[in-house]
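Visitor: Predicted model, plus sequence, below.
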2 protein chains.
Amino acid sequence: MELIQHNRCFDGEQRIYAFNSKVLNGEARFGIFLPPQALLGQACPTLFYLAGLTCTEDTFAIKAHAQRLAAQLGFILISPDTSPRGEHVAQGDSWDLGQGAGFYINATQAPWAEHYQMERFIVDELYELVSHNFPIHGHKIGIFGHSMGGHGALTLALKYPEKFKSVSAFAPICAPSQCPWGEKAFSHYLGADQAEWKKHDASALVLAKGALFKEILIDQGQQDQFYAQLNPALFQQACTQVGQHLTLREHAGYDHGYYFIQSFIDEHLQFHAVQLDT
Amino acid sequence: MELIQHNRCFDGEQRIYAFNSKVLNGEARFGIFLPPQALLGQACPTLFYLAGLTCTEDTFAIKAHAQRLAAQLGFILISPDTSPRGEHVAQGDSWDLGQGAGFYINATQAPWAEHYQMERFIVDELYELVSHNFPIHGHKIGIFGHSMGGHGALTLALKYPEKFKSVSAFAPICAPSQCPWGEKAFSHYLGADQAEWKKHDASALVLAKGALFKEILIDQGQQDQFYAQLNPALFQQACTQVGQHLTLREHAGYDHGYYFIQSFIDEHLQFHAVQLDT
């Protein structure tokens, strides 16, 4: 790991690291906020934050305004980049495919499969790397995210509940098999077989997995310019069907961006603190 | 005024406006946060925030993390761009001169004087524009800023104490007549006469004006990479000499950037709330 940037922040440190990822077959970057408790070596509850389309490893640190309360609650916050990067990595035809649009799945199709292995990257390689290098409380790890990263948070939590004990999302893509963003990404990364898509669709997954979490929290803006891509009602119906407790809050006037996220970020940290019993 | 962007944020609104500035002789932009109280039409205490070199009208809104507490305290926050802009506007040889580096003074020298009139822009044109268009409490207006904008906040407050009733700064350029950034900007914008420079130098101004404020707050990081440009000790000496109460806090480990600013932004808002008796 190479330390690329570090800034004192609320008596903790906001850092960016780069390392050579075997899984992504190239350099990978992630941001990490270490609260004061972590700098003292105390085992800290930890949240992975998965960002949305076009974002990078520093979007969350700059725009989500999470550090103030994370420092108080003693949360480590980890924010990986949203895809493999570099000239050697396949690029899409637009901002919703390819670099900046990894969708947190393992691609099986050419030319994507060589680098686009974001699911294994997050849940295996990065998870182990940070667990070995930072004072992470191994039983108090949660995950959250935004938009494409909300899809990532919900699906990775449902696939790996032993690794992520709490989950929440801001304006997540709740049913990627049934929206233009997801259909485009899944057809490129996974191929035409829609049965395969269902394994990476939060609304389908919760039907398959049942009620795994005491509670899931989703915040959604009613003025979200991408509302038609997100389908929170489908996820809500699926949760109801299997008895998964979901708190879905729709907020009048709020859109899809980080001014929305920062308005509710404290409540997400508090939610995870309760779920993880910190 | 043209509304360029607006986002719901903490039940208020973060906006960007553009308008045709007579003073700057071209289009000018500013950011404004309207807390919920302002949206209801209540007269709100208001802070002008002046940003540093290379920043624009949206830097503060994205990076300073001020909206949460501003919404609670009912503060309107106004963040102008840092210079005139456009292809018709003179540009410097580097990021510390010209566009993005207006230094909040009125240039007297060619080619700068035609557009670089940032002092009149802030204290006359923008001040009047926002006072007419938003529910600003006319007797509760303060000013703060960062680096070059900290210099701007201190000097404009000392020049116009009838307009700005409270003042604070993050890592301000405290004695621009005596540091490379200030010497370069002042020699270009104001010419070679250093007596003229003193009129725009916070440390010289406080000696000339005396104790105008009940208290001034400055936060400064000890790991600031630009510490040699800032000279807080000179401002402190000048304040002591004239009996101006100054709270100068030096913080171990903090650098010059917005991770430093966000760590102490709440305390600046609280300081202004007390000074303005909100």
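Guide: Yep, that arrived. Bear in mind the structure is a predicted one, so any value in this text is a computation, not a measurement.

Visitor: Nearest residue to A:Gln225 in space, please, no chain neighbours.
Guide: Once flanking residues are discounted, A:Gln225 sits nearest to A:His256: 5.5 Å by CB to CB, 6 or more residues apart in numbering or on different chains. C-beta: built from backbone N, CA, C; applies to glycine.

Visitor: so who does that neighbour touch?
Guide: For A:His256, the contacting residues are A:147, A:171, A:221, A:224-226, by CB atoms under 8 Å, 6 or more residues apart in numbering or on different chains.

Visitor: Those residues, buried ones only, as a PyMOL selection?
Guide: Remark: buried members of the contacts of A:His256, expressed as a PyMOL selection using 16 or more other CB atoms under 10 Å in any protein chain shown:
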select buried, chain A and resi 147+171+221+224+226
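
Visitor: Switch the contacts of A:His256 over to JSON lines; also include secondary structure.
Guide: Shown next, in JSON lines, are the contacts of A:His256 (DSSP: H, G, I helix; E, B strand; the rest coil):
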{"residue": "A:Ser147", "secondary structure": "coil"}
{"residue": "A:Ala171", "secondary structure": "coil"}
{"residue": "A:Gly221", "secondary structure": "strand"}
{"residue": "A:Asp224", "secondary structure": "coil"}
{"residue": "A:Gln225", "secondary structure": "coil"}
{"residue": "A:Phe226", "secondary structure": "coil"}
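
Visitor: neighbours around A:Val130, how many?
Guide: A:Val130 is flanked by 20 other residues according to other CB atoms under 10 Å in any protein chain shown.

Visitor: quick one: it is in a strand?
Guide: No - under the criterion used here (three-state DSSP), A:Val130 is helix, not part of a strand.

Visitor: what's the nearest residue to it if we skip its chain neighbours?
Guide: Nearest non-adjacent residue to A:Val130, counting by CB to CB, 6+ apart: A:Ile78, 5.8 Å away.

Visitor: What are the boundaries of the helices in the stretch 101-250 of chain A?
Guide: For the stretch 101-250 of chain A, the helices defined by DSSP state H, counting those that start in this stretch occupy A:118-120, A:127-133, A:148-159, A:180-190, A:194-198, A:202-209, A:227-230, A:232-242.

Visitor: A:Phe103 is nearest to which of the ones you listed?
Guide: helix A:180-190 (4.7 Å; CB to CB).

Visitor: From the contact counts, what lies against that closest one?
Guide: In terms of contact count using 3 or more CB pairs under 8 Å, 6 or more residues apart in numbering or on different chains; DSSP states H and E, helix A:180-190 is assigned the packing partners helix A:194-198, helix A:227-230.

Visitor: Can you tell me which of those helices is nearest to A:Val167?
Guide: helix A:227-230 (16.3 Å).

Visitor: What does the most centrally placed residue in chain A show for phi and psi?
Guide: In chain A, the residue lying closest to the centroid (CA atoms, centre = their mean) is A:Leu50, at 2.3 Å. A:Leu50 adopts backbone torsions of phi -100, psi 120, taken as degrees, to the nearest 10.

Visitor: coming back round to it: most packed of the helices of the stretch 101-250 of chain A?
Guide: Highest mean neighbour count among those (mean count of other CB atoms under 10 Å in any protein chain shown): helix A:148-159, with a mean of 28.

Visitor: from the middle of its chain, how far away would it be?
Guide: 6 Å (CA atoms, centre = their mean, to the nearest Å).

Visitor: Out of the contacts of A:His256, which comes closest to B:Phe33?
Guide: Among the contacts of A:His256, and counting by CB to CB, the member closest to B:Phe33 is A:Gly221, at 17.7 Å.

Visitor: circling back to that earlier point, okay, now the residue nearest to A:Val130: neighbour count?
Guide: Applying other CB under 10 Å, I find that A:Ile78 has 26 neighbouring residues.

Visitor: List the backbone torsions phi and psi for it.
Guide: phi -120, psi 120.

Visitor: ok, it - contacts?
Guide: A:30-32, A:46-49, A:126, A:130.

Visitor: which parts of chain A sit against chain B?
Guide: Proximity of chain A to chain B, by CB under 8 Å from any CB of the partner chain, involves residues A:7-11, A:14, A:62-63, A:65, A:67-68, A:221, A:223, A:251, A:253-255, A:257-260, A:262-263, A:266.

Visitor: For PyMOL, what selects the buried ones among those?
Guide: Entered in PyMOL, the line below selects the buried ones among the residues of chain A next to chain B, by 16+ other CB under 10 Å:
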select buried, chain A and resi 7+8+9+10+14+62+63+65+67+68+221+251+254+255+257+258+259+260+262+263+266
